[in-house]
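Peer 1: Sequence plus predicted model, see below.
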Amino acid sequence: MTDPGDRLDAVLHLLDRQVVDRDGRMVCKVDDVELTVGLDGTWTVTGLLAGPPALVPRLGGKVGHTLEQGWRRLGVQEGDRLVPWRIPLALVAELGSGVELLAVRDGLLRRQTDTPPAPGEVRRRLNDLLHLAVRGPDGEPWGQVLDVRLRRLPSEHLQLLVEGLVVGRGRPGSYLGYDRSGDQGPWLLNRIVRRIHRHSGYLPWSDVVGIDWDGRTLSGTGALRPLEHP
Amino acid sequence: MKKLFSVALGILTAIGGFVDIGDLVTNAQVGARLGWSLGLVVIVGVLGICVFAEMSGRVAAVSRRATFDLVRERLGPRVGLANLVASMAVTLLTFVAEIGGVALALQLVSSVSYVLLVPFVAVVVWLILWKARFSIMENVLGLVGLSLVVYIVALVQLHPDWGHLTMQLATVDKPADESWSVWAYYAVALFGAALTPYEVFFFSSGGVEEKWSVEDITTMRLNVFLGFPLGGLLSLAIAGSTAVVFGPLDASVDTLGQVGLPVAVALGKIGLAIAILGFVAATLGAACETGLSTGYSIAQYFGWQWGKYVRPREAARFHTVLLLVTVLALAVLATGVDPILVTEVSVVFSAVALPLTYFPILVVANDPDYMGTHVNGRLANGLGMVYLAIIGVAAVAAIPLMIWTRMGA
């Protein structure tokens, strides 16, 4: 039995947070999170991604597409124009209201392609998982992936294992945290947002049957479980 | 003793820093046309900025995160970016108005056209942003801004009919020759002048600059709940004294000189000199705060190093933004646009932009993951929800009222 404090939701507690270095100097935002699929099929967080190549695709829609094309066009001659910066997770000292690093910021950021994954391992971004359509065993739509629940493994360095998914209809207000916490005030706001998100539920990673990346769908088995605060 | 001194200093600078070009112009215009019939709006607005600032100050003290960190974390990068663009447009407008206000105040003294003074003011503002220590900037300009207390003296010296003024305030008794739509337009404008979004960007980022911690929450609350209401008294005094001088004349206030006129009538040259000193300090202080707020907010959204607690070379992007916005404001003012007009527009759009940052702060102030045990209590949440409704109504009503009344014409 692990301490419940060892769990966190990637979007709610990690994404978009400020990264600060050992001396308290600001480095970047967590624009996206690097996930690695190991040889044994486990998904772990292996790095933080930063810079326009990580942020702009998250804007989504027409605006995001236009901005991404614009960003590329401003430097077509650069081979790594669309490769984000990467901070290995091993450099993270602490996760709080910000992300504290063990290193100093000068010259810290490297392109993601500078450190390729181990043979056989596949890298994904958190943003690849988010908004995947989720279907139940009979193909019925459950909604889409809204968040990814992570578990902190007991070890010297920070290690985060993907443990499950928050699935819901993707209506506004899913970054506010009310869908996962019934007693976070103000009361009226809480009731309204929870009502909007009443279809949201939790899908343990063990219930994920497969992911069709081209069709942008994820198939689950069993049933969605009630959503609780990590 | 040292603690007491710092608390007193904080309250005094909060009073002196409360009034900016928006408060000066809007309160004088309202006083001339509507007397104290909008006094309740000033009181509601001042309580609103207290509620908003207390929450954002507490969030800054506990989580060490300022407004636009939280906007992006709670609204996501897409809505957060739209929010940033809108908030920065309004803050830039206010920045232009403040720099123009400093130039207008100096024009009163020097009789040199404000357009020629703007480059000088812009350079001074930029030098302060680049060189001056945060605490010195805050304390000096805040304390000199206190000279606007001269308006309270002026109001007393003008021997107004206090019974009539308080009656107007208590019963929302607008003069018969003004329509309710004009009253509503100025209500929104006054509300926007009292609750300008930059005040909270600056207040929360300033808290991080000054390294507030949980122990500083009490001091912060004293500054907010004593300093801001006393600053609000200055607003009422400006409206009251212009009501006494301009009310019977049926004249409107269109220049900064007219804003100062009641003090000149009541106290003569010396009074006017003190008032102009107050104009310069209040608008210069607000110009620095708005300028810094644009740098703070943009850097916070993108994760760049910001703040005056590090050397400029360590926050190069932040200081580049500050330089660019100062040049931009200078360019806008060089067209000869009337800073008073810019002010009138900026306070209305402040009311429009307010919910964008108020809402995420209200949510985070309730989130135990950020705040631990320092989440909002019942009172903060009760007031917080009431103000969410008021701010929402003001934001929706602002632009239709502006068009409907042709800016109160």
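Peer 2: The structure has been received and is ready for your questions.

Peer 1: residues touching the closest residue to chain B within chain A, list them.
Peer 2: When distances are taken as Cβ to the nearest Cβ, chain A reaches nearest to chain B at A:K29, 3.4 Å away. Heads up, the C-betas are built off the backbone N, CA and C, glycines and all. With contacts defined as Cβ atoms under 8 Å, 6 or more residues apart in numbering or on different chains, the neighbours of A:K29 are A:D16, A:R17, A:Q18, A:V19, A:A50, A:L55, B:R72, B:F302, B:G303.

Peer 1: Next one: it from A:H65, what distance?
Peer 2: Between A:K29 and A:H65 the computed distance is 21 Å (Cβ to Cβ, to the nearest Å).

Peer 1: now A:V209
Peer 2: Look at A:V209 and A:H65: by Cβ to Cβ, they are 31 Å apart.

Peer 1: residues in contact with the longest helix along chain A?
Peer 2: The residue-count maximum for a helix in chain A (DSSP state H) belongs to helix A:61-73. When contacts are defined by Cβ under 8 Å, 6+ apart, helix A:61-73 is touched by residues A:P52, A:P53, A:V56, A:P57, A:R58, A:L59, A:R81, A:L82, B:R78.

Peer 1: pLDDT value on the third one, please?
Peer 2: At A:V56, the pLDDT value in this model is 95.

Peer 1: what's the answer for the second one, then?
Peer 2: The predicted structure scores A:P53 at 95 on the pLDDT scale.

Peer 1: For it, which non-adjacent residue is spatially closest?
Peer 2: Counting by Cβ to Cβ, 6 or more residues apart in numbering or on different chains, A:P53 lies nearest to A:P84, which is 4.3 Å off, once chain neighbours are set aside.

Peer 1: Kindly report the same for the first one.
Peer 2: Closest residue in space to A:P52, ignoring its immediate chain neighbours: A:W71 at 5.2 Å, by Cβ to Cβ, 6+ apart.

Peer 1: Please apply the same query to the last one.
Peer 2: Ranked by Cβ to Cβ, 6+ apart and with sequence neighbours excluded, the top spatial neighbour of B:R78 is A:L59, at 5.0 Å.

Peer 1: State the phi and psi torsions of the closest residue to chain A within the stretch 101-250 of chain B.
Peer 2: Using Cβ to the nearest Cβ, the single residue of the stretch 101-250 of chain B nearest to chain A is B:K211, 9.9 Å away. Geometry field for B:K211 lists phi and psi as phi 50, psi 50, criterion degrees, to the nearest 10.

Peer 1: Thought B:P77 was touching the residue nearest to B:R78, still the case?
Peer 2: Yes: in terms of Cβ atoms under 8 Å, A:L59 counts as a neighbour of B:P77; the distance is 6.0 Å.

Peer 1: So which of these two has more stuff around it?
Peer 2: Neighbour count, other Cβ atoms under 10 Å in any protein chain shown: between A:L59 and B:P77, B:P77 has more, with 24 against 20.

Peer 1: what is the mean pLDDT for the helix or strand where that one lies?
Peer 2: For B:P77, the enclosing helix or strand under DSSP states H and E is helix B:67-110. Over the span of helix B:67-110, the pLDDT mean works out to 96.

Peer 1: Okay then, goodbye and thanks.
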